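**Q** Fold the following for me, if possible:
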Amino acid sequence: MHLLDDAVMDQEVFDAEWYRLSNNMDQLKHDSADFKTMDKIYQLMYRLNCSIEGIWRQANEQPKAPTEAFEVHCGNIDLEDAIEGKEDDSSELQSASVTSRNPNLSEMAKKPNGALRYPKTEEWREDEEFGAKLISSASPLEFVVITAANQKMLEELNAKLDRRHSRLLKSRLPREKCVPHQPCLALHGERFHRALIMAVGFEDVHLKIVDSGRTLFSPFSSIFEIPSRYVNHAPPLASTCFLAGGDSRYMEAEFVDNFNEIVNRVSNLRVTATGVRHPRSGHPIVTLNCASSGEAIQCYNKNKIH
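**A** From the prediction side, this is the model:
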């Protein structure tokens, strides 16, 4: 129990720090803060995240009886929602029914505390190459891409969420369940998006839209329960990357502007993984090329790429 108490206490501290730092990051981006300052904040946020994840892993090492996981899963809205939607997607009904009979098939049942978690993203292997589209770019130190294969999966997922839009609107996530690390559906721009709660404030929630890499603050009224099949549909489909050769100490505004201009103009990117993650941000380190011309996109490009 002492370990669990420590976890709760540290979680409260983490929530407050994460929420404060997230607000500061948004303010810094608007104020065009220097990248040394932003890099320091990213370091602190990354260390806080690693620490709290370690605490939760230790706290969850105490296994529960299999029947508890079964009861929790059967109480989830997923099965009921699947039954209601059988007329337009019988395959999902069958999948949900099998999962409810055998909780070991669900990602949730694999967790000792019965909590929903998105599947872990597979690590990119060294020298693995793939085509990708840019979603957003803050700098060479942090930009978000989605592979061509994942783009197709996202389109399929969006179609399913759109088809069940009115049904999903009936299941708003209770405020007491809005806690860090909780998967949910966020209603943003009249569409549902898979999201992860990062931190909770008094009036809103700090979310990460897992399939676009975007973070935002959303009111509690826009947070909804997510059926487990949408959690298990796929790992987060967007990847936040770090460009090889990047160094915040030498990241001048000119280089950042030039990089952002290039990657936003190039429609198709060729991404090559190094198999290494950045030690502070945790982002996979990659190299970029223009898919059409093959020209390298570097941190310190002085010439424009067309």
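**Q** CA atoms for contacts and neighbours, from now on please.
**A** OK.
**Q** State the mean pLDDT of the helix or strand that contains Asp162.
**A** Using DSSP states H and E, the element containing Asp162 is helix 148-163. What helix 148-163 shows for mean pLDDT is 95.
**Q** Give the buried residues for it.
**A** 150-151, 154, 157-158, 161-162 (16 or more other Cα atoms under 10 Å).
**Q** Check which residues of the helix or strand that that helix is followed by are buried.
**A** Counting by DSSP H and E, the element after helix 148-163 in chain order, helix or strand, is helix 165-168. By 16+ other Cα under 10 Å, the buried positions in helix 165-168 come out as Leu168.
**Q** So what does Leu269 have for phi and psi?
**A** Main-chain dihedrals, Leu269, degrees, to the nearest 10: phi -110, psi 150.
**Q** Confirm for me that it is in contact with Leu134.
**A** Yes. If you go by Cα atoms under 8 Å, Leu269 and Leu134 touch, sitting 7.5 Å apart.
**Q** if I look at the two, which residues touch both of them?
**A** Common neighbours of Leu269 and Leu134 (criterion: Cα atoms under 8 Å, 6 or more residues apart in numbering): Val263.
**Q** So for those two, which residue has more residues nearby?
**A** Each of Leu269 and Leu134 has its neighbours counted (other Cα atoms under 10 Å); Leu269 has more, 23 against 20.
**Q** Run through the bridge partners of that one.
**A** Under DSSP bridges, the beta-bridge partners of Leu269 are Ala132, Cys290.
**Q** how much space is there between it and Ala195?
**A** Separation of Leu269 from Ala195 (Cα to Cα, to the nearest Å) stands at 26 Å.
**Q** likewise Ser212?
**A** Taking Cα to Cα, one finds Ser212 at 9 Å from Ala195.
**Q** ok, now Cys241?
**A** Distance of Cys241 to Ala195, given as Cα to Cα: 19 Å.
**Q** Let me know the pLDDT of Ser221.
**A** 94.
**Q** just the one 10 residues further on next, same as before
**A** Residue-level confidence at Val231 comes out at 95, pLDDT.
**Q** ok, and the closest non-adjacent residue to it?
**A** The shortest distance from Val231 to any non-neighbouring residue, by Cα to Cα, 6 or more residues apart in numbering, is to Tyr118 (5.4 Å).
**Q** Touching, the one you found and Ser228? I think so.
**A** No. Using Cα under 8 Å, Tyr118 is not in contact with Ser228, being 9.2 Å away.
**Q** and the angle from the helix or strand that contains His193 to helix 148-163?
**A** Using DSSP H and E, His193 sits within strand 191-200. Using axes from the mean of the first three to the mean of the last three Cα atoms, to 10 degrees, one finds that strand 191-200 and helix 148-163 are set 100 degrees apart in direction.
**Q** Provide the strand pairings for strand 191-200, with the direction of each partner.
**A** Strand pairing for strand 191-200, using DSSP bridges, gives strand 183-188 (antiparallel), strand 204-209 (antiparallel).
**Q** What are the buried residues along the first one?
**A** With burial defined by 16+ other Cα under 10 Å, the residues of strand 183-188 counted as buried are 183-187.
**Q** Show the model's pLDDT score for the residue nearest to Val231.
**A** Per-residue confidence (pLDDT) for Tyr118: 95.
**Q** and the gap between it and Leu168?
**A** According to Cα to Cα, Tyr118 and Leu168 sit 19 Å apart.
**Q** residues near the residue nearest to Pro284 when sequence neighbours are not counted, how many?
**A** Of all residues not flanking Pro284 in the chain, Arg277 sits nearest, at 4.2 Å (Cα to Cα, 6+ apart). Arg277 is flanked by 17 other residues according to other Cα under 10 Å.
**Q** I figured His206 hits Phe217, correct?
**A** Yes. Counting by Cα under 8 Å, Phe217 is a contact partner of His206 at 4.6 Å.
**Q** Distance to Ser293 and pLDDT for the buried residues of strand 183-188 - can I get that in CSV?
**A** CSV is the format used below for the buried residues of strand 183-188 (distance: Cα to Cα, whole Å; pLDDT from 0 to 100):
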residue, distance to Ser293, pLDDT
Pro183, 40, 96
Cys184, 40, 97
Leu185, 39, 97
Ala186, 38, 96
Leu187, 39, 95
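**Q** Just the closest of those residues to Pro174, please.
**A** Cys184 (11.0 Å; Cα to Cα).
**Q** How about the contacts made by the closest residue to Thr287 other than its chain neighbours?
**A** Leaving aside its sequence neighbours, Thr287 sits nearest to Thr272 (Cα to Cα, 6+ apart; 5.2 Å). Contact analysis of Thr272 by Cα under 8 Å, 6+ apart lists 126-130, 286-288.
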